[in-house]
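sequence-free structure coming up:
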């Protein structure tokens with residue numbers, strides 16, 4: 001079952017909420033965290049499952065998400081206009097569970113004025129929070145060619161990063177800074193010499209610039225570390241990622257904290273105990289992918305906070 005909120009279909013809706021609530025029983029109380037509110041699909045479903053004593057705290061950087069959250073008339077719910085690295089601001093062991101749904105929501109992608117997609121012509125922005133920080137256009141206006149190439153290579157895993165970066169700087173010198181998504185998409189198409197079947201040649205470059213300008217991977221690392229402090233013993237961490245860079249970080253984080261760590265310099269010392277227990281890895285069903293093709297790359301990982 002999926003829910004449609006502002007033309008956004010929530011991925012792994014039931015699976016994520018079932019995993020989050022875990023063994024908490026029917027209508028649990030406690031404080032739960034939706035670290036990435038988006039358009040509120042998971043939040044609404046969590047609220048429908050909590051007891052009157054339960055509480056849900058959400059985070060989101062996007063002003064449009066904050067507007068959407070205002071449509072939830074539920075006293076158990078509150079939201080902070082902050083990125084999810086601010087989980088670190090919450091009291092220790094205060095959360096019964098933490099859900100993170102990474103990536104960009106459909107309304108963000110489908111809004112030309114946000115500049116996330118090469119499918120629509122719009123300003124080259126890509127900021128999750130349009131009230132602060134530098135846009136992609138502003139950064140590209142004076143970034144050095146080597147740094148542009150590094151960003152596109154590292155965050156987009158794009159093997160034509162060098163030629164793309166040179167083309168961006170050449171455009172800048174001849175015509176002034178890039179200003180629109182269409183300009184960037186056309187430029188990238190000219191620089192990418194081979195095509196991946198079923199994928200626009202600009203896909204990797206747009207992904208890379210979005211991840212970089214929003215510091216997405218750094219914030220994910222910070223939020224994961226904060227979750228260890230915020231989760232109560234037995235509390236669940238549920239993370240849905242949509243590309244390999246994110247999933248690798250989540251996978252390695254869970255693996256690192258679900259193994260006893262031995263100090264090689266003190267081989268007879270007691271090993272540092274595990275702080276997480278890895279529980280599951282779930283992908284969308286074939287029927288969900290057929291109904292919502294954007295779900296195809298999703299991977300959900302589930303872990304549980306231990307007693308230590």
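Great, that's in hand. Since this is a predicted model, take the numbers as computed values, not measurements.

going by C-alpha atoms from here, please, whenever you check contacts or count neighbours.
Fine.

neighbours around residue 65, how many?
By other Cα atoms under 10 Å, 23 other residues sit near residue 65.

now for it: which residues touch it?
Residue 65 sits next to 37, 38, 39, 40 when contact means Cα atoms under 8 Å, 6 or more residues apart in numbering.

dihedrals phi and psi, residue 101?
phi -120, psi 100 (degrees, to the nearest 10).

would you agree it is in contact with residue 36?
Yes: using Cα atoms under 8 Å, residue 101 makes contact with residue 36 at a distance of 5.8 Å.

contact partners of the lengthiest strand in the chain?
Assignment by DSSP state E gives strand 231-241 as the longest strand of the chain. By Cα under 8 Å, 6+ apart, the residues outside strand 231-241 that reach it are 16, 19-22, 92-103, 227, 247, 250, 298-308.

among those residues, which ones are in strands?
Those of those mapping onto strands are 95-101, 299-305, per DSSP E.

contact partners for the residue sitting nearest the centre point of the chain?
Residue closest to the average C-alpha location in the chain (Cα atoms, centre = their mean): residue 102, at 2.0 Å. With contact taken as Cα under 8 Å, 6+ apart, residue 102 is in contact with 36, 239, 240, 241, 242.

now those: which count as buried?
Buried subset of those (neighbour count, 16 or more other Cα atoms under 10 Å): 36, 239, 240, 241, 242.

of those residues, closest to residue 146?
Checking these against residue 146 with Cα to Cα, the nearest one is residue 242 at 27.3 Å.

could you measure from the spatially closest residue to that closest one that is not a sequence neighbour over to residue 31?
Among residues not flanking residue 242 along the chain, residue 298 sits closest, at 4.5 Å (Cα to Cα, 6 or more residues apart in numbering). Note on residue 298: its distance to residue 31, by Cα to Cα, to the nearest Å, is 26 Å.

hmm, which helix or strand of the chain has the shakiest average pLDDT?
Least confident helix or strand of the chain, by mean pLDDT, DSSP states H and E, is strand 4-5 with a mean of 35.

hey, what's residue 101 bridged with?
residue 240 (DSSP bridges).

assign residue 278 to helix, strand or coil.
With DSSP: H, G, I helix; E, B strand; the rest coil as the basis, residue 278 sits in strand.

who does it form a beta bridge with?
Bridge pairing for residue 278 - DSSP bridges - gives residue 303.

phi, psi of residue 22?
The phi/psi pair for residue 22 (degrees, to the nearest 10) is phi 50, psi -120.

what is the burial count for the closest residue to it other than its chain neighbours?
Excluding the flanking residues, the one nearest residue 22 by Cα to Cα, 6+ apart is residue 236, at 7.3 Å. Residues within reach of residue 236, counting by other Cα under 10 Å, total 30.

what distance do you get for residue 236 to residue 76?
Taking Cα to Cα, one finds residue 236 at 20 Å from residue 76.

swap in residue 157?
Separation of residue 157 from residue 76 (Cα to Cα) stands at 42 Å.

now residue 209
Distance from residue 209 to residue 76, by Cα to Cα: 37 Å.

and what of residue 252?
In terms of Cα to Cα, residue 252 sits 34 Å off from residue 76.

what do you get for residue 86?
Residue 86 sits 20 Å away from residue 76, going by Cα to Cα.

how about the backbone phi and psi for residue 153?
phi -70, psi -50.

just the one 4 residues further on next, same as before
With angles defined as degrees, to the nearest 10, residue 157 shows backbone torsions of phi 50, psi 40.

who touches the closest residue to residue 288 other than its chain neighbours in this structure?
For residue 288, ignoring the flanking residues on the chain, the nearest one in space by Cα to Cα, 6+ apart is residue 295 at 7.2 Å. By Cα under 8 Å, 6+ apart, the contact list for residue 295 reads 11, 284, 288, 289.

got a winner among those for most neighbours?
Counting by other Cα under 10 Å, top hit in the contacts of residue 295: residue 11 with 26 neighbours.

mind pulling up the pLDDT for it?
We have a pLDDT of 93 for residue 11.

helix, strand, or coil at residue 171?
Assignment for residue 171 (three-state DSSP): helix.

quick one: contacts for it?
Residues near residue 171 by Cα under 8 Å, 6+ apart: 177, 178.

what about residue 271, neighbour count?
14.

who's more crowded, residue 209 and residue 76?
Higher neighbour count among residue 209 and residue 76: residue 209, with 25 against 16, using other Cα under 10 Å.

any idea how far residue 157 is from that one?
Counting by Cα to Cα, the gap from residue 209 to residue 157 is 12 Å.

same thing with residue 15?
30 Å.

can you list the domains in the chain?
As given by automatic domain parsing, the domain ranges for the chain are 4-106+216-305, 130-213.

tell me which of those lies nearest to residue 112.
Closest to residue 112 of the domains of the chain, according to Cα to Cα: domain 130-213, at 8.7 Å.
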